[in-house]
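Need a 3D model of the following:
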Amino acid sequence: MGWIIFALALSRVEGLVGDFEKDRAELKKAAAAVDLRGVRDAADRLAASDRKPAVDALLDGYGVCAGAMKLLWADKLKALQQKEANADFRINTSTTPPTIVEQDVNKYKAWQEAEAFGQKTERSIMAVEACKRAIVDALGSFKSDDSVKELAAELAGNGRPEKRAGVAEALGRTRHASASSALAAAAVKDAEPPVRVAALDALRELKEGAPAAIENLKHEFWQVRSAAAALLKTLKAKEGVEPLIDALGKADGRWRAEINEALVAITGVDKHGDPAAWKAWLAAPDAAPPAAPAAKTTFYGIPVESKSVIFILDRSGSMAEPSEWEIPPDVATGPGPKEIKKEGDRKIDIARWQLKKALAMMPDGAEFNLIFYNHEWTILSEKPLKLAAATRKAAFEFIDRLDPVGPTNIYDPLEKGLSFAAAGAMAEKIARSGVDTLFFLTDGMPNTGQVPRAEDILVKVKELNKARKVKIHAIGVFSAGRGPATQPSEAELGGKFLKQLAAENDGRYTGAQK
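Residues are numbered from 1 along each chain as shown. Prediction:
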């Protein structure tokens, strides 16, 4: 009888091993084929075993996805280069609807081919990204001590930084007792800033890790510092007050604003980013008088706190329509130089006016750039510029030169703006310095570009911006009532889209309309 039981047990073990190897093979096959359903099913089966070898199998699948991404990025760059080479076709606005100038028809056809190929490639990239997310989801479902210990070992190992960042995200989801210590160690020891950012973000989900956050307040990468301040803000960690005030003394721009926000969340008082006022409060909380808020530069009423900012403005054909924006009575659109006045009541005229006022009020030395877009984007400079008399003059000339024409490509200019915070051949690394804030304005929903659907743009931008930490403010200047009466108006759809874009990227939204 004992031999029978032993044989049955052995058969069962062999069956489990056989199933495991089958699931491992199916995951790699599905990942290579970019089959999201196949990846999700195999990953879920592997994770259900909650065994250490399943961690390795899932990470192998993640590696297959990373390899596929390299090939797709090569195709993406080819499509972008072909589009850029043919994007200067001219549009005849005297016809209804507007048509392509006859001499540029071949150029337009080449641009269309590149556009179609680019959209196909971007759909494949999104599919690979979805497969990677499915694997991270599966890794995050592990609960056993051995499995979580293996994840912690992978996080502390020398694998690709992208993979370690994914492991950090997964560890935060496990809610295992040992996850926070592994994440805290990565947050202070890992040499790669994106991994530190991922570890700090995971700790924020777990609502733990104040010491790791405090240690990162002086990190050389602002993205790491930003993630650390956000963690202290979420935790309302009183032990973070003094280190934050110390950091405030050397901070400016967005970093100063983020430190102040964290201090307000922890203490319940607001010293408006004034280091001296915060130090006085720290020495005598009950005696220190309130600090007066400083005058703010704004764009459509949203404060411009950054010292490294890109403004991305719509110049599609509908921006020639009359503007419905009214200056809110309590908004500081910024007093601005009195000589900068509106030169019309079209949407583009109001946008130009607001942009010039913002640039006039921003301090000399602040870094900036401008992107205007319709079917393509046009940029003031391929490198950030420092504000000065000469660069303001060049910027104002650029602003006045671009008239409204063409359709609305929302994703490509956003991707270009975010590229200033990235580094590496596939933009997989983050830049030590560079843009930390985007102001994005549109009056329409997307209808062209690499990613022409609003819901896909939200997913793509969130993924791109996970480690870059660029704050995205959104301004909607939609015309009320546009669209069939039986369906949501473009203003309603656009407002919902922009609110989510801003909310998911730590920004503010304003609907600049009646």
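
Which stretches in the stretch 351-500 of the chain count as helices?
Here the stretch 351-500 of the chain has its helices, by DSSP state H, counting those that start in this stretch, at 389-401, 411-419, 454-464, 490-503.

Now do the longest one: which elements does it pack against?
Contact here means 3 or more Cβ pairs under 8 Å, 6 or more residues apart in numbering; DSSP states H and E; on that basis helix 490-503 packs against strand 437-442, helix 454-464, strand 471-476, strand 509-511. Quick note: C-beta positions are derived from backbone N, CA and C, even for glycine.

repeat that for 6 Å
Judged by 3 or more Cβ pairs under 6 Å, 6 or more residues apart in numbering; DSSP states H and E, the packing partners of helix 490-503 are strand 471-476, strand 509-511.

can you check the shortest one too?
For helix 411-419, the contact count by 3+ Cβ pairs under 6 Å, 6+ apart identifies strand 308-314, strand 377-379, helix 454-464 as packing neighbours.

From the chain's centroid, how far away is it?
Per Cα atoms, centre = their mean, to the nearest Å, the displacement of helix 411-419 from the mean C-alpha position of its chain is 10 Å.

cool, and stretch 347-360?
The chain centre lies 25 Å from the centre of stretch 347-360; the measure is Cα atoms, centre = their mean.

if we can go back for a sec, dump the helices of the stretch 351-500 of the chain into CSV; add distance to V64 and mean neighbour count as well.
Formatted as CSV, the helices of the stretch 351-500 of the chain follow (distance: least, Cβ to Cβ, whole Å; neighbours: other Cβ atoms under 10 Å):
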stretch, distance to V64, mean neighbour count
helix 389-401, 45, 14
helix 411-419, 25, 22
helix 454-464, 18, 17
helix 490-503, 31, 20
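
Spell out, range by range, the helices that occur in the stretch 101-250 of the chain.
Remark: helices assigned in the stretch 101-250 of the chain by DSSP H, counting those that start in this stretch are 105-139, 145-156, 161-174, 179-189, 193-206, 210-215, 222-235, 241-248.

and the helices of the stretch 351-500 of the chain as CSV, adding distance to G67?
Converted to CSV, these look like this (distance: least, Cβ to Cβ, whole Å):
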stretch, distance to G67
helix 389-401, 41
helix 411-419, 22
helix 454-464, 18
helix 490-503, 31
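
Tabulate these (TSV), appending distance to A43 and mean pLDDT.
Converted to TSV, those look like this (distance: least, Cβ to Cβ, whole Å; pLDDT from 0 to 100):
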stretch	distance to A43	mean pLDDT
helix 389-401	48	97
helix 411-419	28	96
helix 454-464	18	97
helix 490-503	27	94
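
which other residues reach the helix or strand harbouring G38?
Applying DSSP states H and E as the criterion places G38 in helix 36-49. Contact with helix 36-49 is made by 23, 26-27, 30-31, 54, 57-58, 130-131, 134-135, 138, 141, as judged by Cβ atoms under 6 Å, 6 or more residues apart in numbering.

That helix vs helix 145-156, what angle?
Calculated by axes from the mean of the first three to the mean of the last three Cα atoms, to 10 degrees, helix 36-49 forms an angle of 120 degrees with helix 145-156.

which other helices and strands contact the next helix or strand after helix 36-49?
Sequence-wise, the next helix or strand downstream of helix 36-49 (DSSP H and E) is helix 52-86. Secondary-structure packing of helix 52-86 (3+ Cβ pairs under 6 Å, 6+ apart): helix 2-32, helix 36-49, helix 105-139, helix 145-156.

Would you single out the least confident of these?
Ranked by mean pLDDT, the helices and strands packed on helix 52-86 end with helix 2-32 at the bottom, a mean of 68.

distance between stretch 431-448 and the chain's centre?
Computed by Cα atoms, centre = their mean, the chain-centroid distance of stretch 431-448 equals 9 Å.

list the buried ones in that stretch?
431, 434-446, 448 (16 or more other Cβ atoms under 10 Å).

contact partners of that stretch?
With Cβ under 6 Å, 6+ apart as the test, stretch 431-448 has contacts from 221, 254, 299, 306, 308-314, 318-319, 347, 375, 407-410, 417, 420-421, 423, 452, 454, 470-475, 477-478, 490, 493-494.

Of all the helices of the stretch 351-500 of the chain, which one comes closest to T174?
helix 454-464 (21.3 Å; Cβ to Cβ).

ok, and what's touching that closest one?
With contact meaning Cβ under 6 Å, 6+ apart, helix 454-464 is reached by E129, I410, Y411, L414, L418, M445, P446, V451, F497, Q500, E504.

wait, isn't S316 in contact with N374?
Yes - the criterion here is Cβ atoms under 6 Å, and S316 meets it with N374 at 4.5 Å.

okay, and the common contacts of these two?
Residues touching both S316 and N374 by Cβ under 6 Å, 6+ apart: G406.

returning to what we had before: of the contacts of helix 36-49, closest to K342?
Looking at these and their distance to K342, the nearest is A130, at 45.3 Å (Cβ to Cβ).

could you list every residue that touches that closest one?
Going by Cβ under 6 Å, 6+ apart, A130 touches L36.

Just give me the neighbour total for G67.
Number of residues near G67 (other Cβ atoms under 10 Å) recorded here: 11.

returning to what we had before: quick check: the two most widely separated of the contacts of helix 36-49?
Spatial extent of the contacts of helix 36-49 (Cβ to Cβ) is set by the pair A54 and A130 at 20.4 Å.

Among the helices of the stretch 101-250 of the chain, single out whichever gets nearest to R508.
Comparing those by Cβ to Cβ, helix 222-235 comes nearest, at 15.9 Å.

Who are the packing partners of the closest one?
When contacts are defined as 3+ Cβ pairs under 6 Å, 6+ apart, helix 222-235 sits against helix 193-206, helix 210-215, helix 253-267.

Next, the angle from that helix to strand 471-476.
Calculated by the same axes, to 10 degrees, helix 222-235 forms an angle of 80 degrees with strand 471-476.

for helix 222-235, which positions count as buried?
222-235.

I'd like those laid out as a markdown table, including distance to E382 and pLDDT.
Output for the buried residues of helix 222-235, formatted as a markdown table (distance: Cβ to Cβ, whole Å; pLDDT from 0 to 100):
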| residue | distance to E382 | pLDDT |
| --- | --- | --- |
| W222 | 22 | 96 |
| Q223 | 22 | 97 |
| V224 | 26 | 97 |
| R225 | 27 | 97 |
| S226 | 25 | 97 |
| A227 | 28 | 98 |
| A228 | 31 | 98 |
| A229 | 31 | 98 |
| A230 | 31 | 98 |
| L231 | 35 | 98 |
| L232 | 36 | 98 |
| K233 | 35 | 98 |
| T234 | 37 | 98 |
| L235 | 40 | 98 |
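
Nearest to F398, out of those: which one, please.
Among the buried residues of helix 222-235, and counting by Cβ to Cβ, the member closest to F398 is W222, at 27.2 Å.

For that closest one, give its distance to I259.
12 Å (Cβ to Cβ, to the nearest Å).

Low-confidence stretches in this structure?
1-18, 288, 291-292, 327-338, 425, 481-486, 512-514 (pLDDT under 70).
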